[in-house]
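Undergrad: I would like to see how this sequence folds:
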Amino acid sequence: MFRAIASKRLFSYSAAKLDTLAFIEVANGKVSPASLSAISAAKEIGKPVTGIVLGPEGDKGKDSAAKVDGLSKLLVAKDAKYDHYLAEEVAPLLKEVVTKNGFTHFITPASAVGKSFLPRLAALLDVQPVSDIIKVVGEDTFVRPIYAGNALATVKSKDSVILASVRASAFPPAELSNDASIEEISESVESGNRTEFVGEELVQSERPELGSASRVVAGGRGLKNKETFESLMNPLAEKLNAAIGASRAAVDAGFCDNSLQVGQTGKIVAPELYVAVGVSGAIQHLAGMKDSKTVVAINKDPEAPIFNVADIGLVGDLNEAVPELVSKL
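TA: I've put the predicted structure just below:
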């Protein structure tokens, strides 16, 4: 059970009543694509939107974030304690900002960061968050998928402050054509946190980022091993200038890093083109890619469930089909 921690000092920015607060992730000085989609969802609520960026990264990317269309103001908390977005530090600050300024809505991308701190923030505010929304019906009503995306639930919140995470693939990214005013939060909130950031190991790639790529090639268990996965998927991705994804079965088998997993427990993608190679099409995987505009499936099993959602299907040996496809691209 979480306990709200009161701030020792007042914030330095104006305390005028605002409406919707949107959390903006910044990496390497750039606003994340998922945050741009979250801003689009926030605008559909119909109230003025204030953005907030945190930590040294947020301070570095504040000028870029202020350009996001739809923002009336951008708040910046540049204290180093908010770097790496530790939920134990972020949630108390956001709770203080929401309550002191009378925000009625808080919106965040349904990313790893958003999923980390949103439950803690909800506990501090004593409200029920609405997760992974794909449509804004009204100020208090949203649509979200349930049962691995096989059904859609329309949810109405009666809380005084509505917290929601946004599925990025369901909303177009906001444009960068604005010039919102920037205000700094000069004082930090004492969280009493005993958690510290130790380190991280990031997978570096020159290819497009999986969550926002317009083209994705994904490999499954049918690729048999890591060597086959790399020898077939890398050339195909290079030809298509696509991001590489994988099914959970392929990740669990060690074919690739778990950051490439697409599905209910991985990343949700909706590219223009999704090429599934050796992917059977388990319901958990389909939940993460079925909104793709065009789905191409290559599998030797004609009864594979992936063919039920594929626009183009090829039944054949992927060891022959993929190299031939690469040679003709």
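
Undergrad: residues in contact with stretch 128-141?
TA: 41, 44-47, 104-105, 110, 115, 118-119, 121-122, 142-145, 152, 154-159, 162-167, 170 (CB atoms under 8 Å, 6 or more residues apart in numbering). Using the backbone N, CA and C atoms, a C-beta is placed for each residue, glycine as well.

Undergrad: Which members of those residues are positioned in strands?
TA: 105, 142-145, 152, 154-156, 162-166 (DSSP state E).

Undergrad: List only those of the contacts of stretch 128-141 flagged as buried.
TA: Neighbour-count burial (16 or more other CB atoms under 10 Å) applied to those gives 41, 44-45, 47, 104-105, 110, 118-119, 121-122, 142, 144-145, 155, 157, 162-167, 170.

Undergrad: For Thr108, which residues are in contact?
TA: Here Thr108 is in contact with 22-23, 38, 114, 117-118, 163-166 (CB under 8 Å, 6+ apart).

Undergrad: And it, how far from Asp126?
TA: Counting by CB to CB, to the nearest Å, the separation of Thr108 from Asp126 is 18 Å.

Undergrad: Then Ala270?
TA: Distance, Ala270 to Asp126, by CB to CB: 34 Å.

Undergrad: Which of these two has more residues huddled nearby?
TA: More neighbours surround Ala270 than the other of Ala270 and Asp126, with 19 against 11 (other CB atoms under 10 Å).

Undergrad: so who does the more buried one touch?
TA: 169-170, 289, 291-293.

Undergrad: Can you give me the end-to-end span of stretch 71-84?
TA: Using CA to CA, to the nearest Å, one end of stretch 71-84 lies 24 Å from the other.

Undergrad: Give me the buried positions along that stretch.
TA: Judged by neighbour count using 16+ other CB under 10 Å, the buried positions of stretch 71-84 are 71, 73-79, 81-84.

Undergrad: nearest to Thr228, of the contacts of Ala270?
TA: Closest approach to Thr228 among the contacts of Ala270 (CB to CB): Met289, at 21.2 Å.

Undergrad: Would you check that the closest one makes contact with Ala213?
TA: No: Met289 is beyond contact range of Ala213, at 11.7 Å (criterion: CB atoms under 8 Å).

Undergrad: Mind listing the shared neighbours of those two?
TA: The contact sets of Met289 and Ala213 overlap at Val269 (CB under 8 Å, 6+ apart).

Undergrad: For the stretch 1-150 of the chain, give me the ranges with low pLDDT.
TA: The model of the stretch 1-150 of the chain has pLDDT under 70 over residues 1-18.

Undergrad: I'd like to know how many residues surround Asp132.
TA: Using other CB under 10 Å, Asp132 has 19 other residues around it.

Undergrad: Figure out the helix or strand that it lives in.
TA: Assessed by DSSP states H and E, Asp132 sits inside strand 130-133.

Undergrad: Closest to the centroid, which residue in the protein?
TA: Centroid-nearest residue in the chain, with CA atoms, centre = their mean: Ser111, separated by 3.1 Å.

Undergrad: Quick check: closest non-adjacent residue to that one.
TA: In space, and not counting its chain neighbours, Ser111 is closest to Ala34: 5.0 Å by CB to CB, 6 or more residues apart in numbering.

Undergrad: mind listing the helices for the stretch 1-150 of the chain?
TA: Per DSSP state H, counting those that start in this stretch, the stretch 1-150 of the chain carries helices over the ranges 33-44, 55-60, 62-65, 87-101, 112-125.

Undergrad: Would you mind finding the most buried of these?
TA: Stretch with highest mean neighbour count among those: helix 33-44 (a mean of 25; mean count of other CB atoms under 10 Å).

Undergrad: Export that helix to PDB, keeping only CA atoms.
TA: The C-alpha coordinates for helix 33-44 follow below in PDB (Å, rounded to 0.1, in the frame of the first residue of the first chain):
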ATOM      1  CA  PRO A  33       6.600   9.000 -30.800                       C
ATOM      2  CA  ALA A  34       4.400   7.400 -28.100                       C
ATOM      3  CA  SER A  35       4.200  10.800 -26.300                       C
ATOM      4  CA  LEU A  36       3.100  12.500 -29.500                       C
ATOM      5  CA  SER A  37       0.200  10.100 -29.800                       C
ATOM      6  CA  ALA A  38      -0.700  10.600 -26.200                       C
ATOM      7  CA  ILE A  39      -0.900  14.300 -26.800                       C
ATOM      8  CA  SER A  40      -3.300  13.700 -29.700                       C
ATOM      9  CA  ALA A  41      -5.500  11.600 -27.300                       C
ATOM     10  CA  ALA A  42      -5.300  14.300 -24.600                       C
ATOM     11  CA  LYS A  43      -6.500  16.900 -27.100                       C
ATOM     12  CA  GLU A  44      -9.600  14.800 -27.900                       C
END
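
Undergrad: Many thanks, we can stop here.
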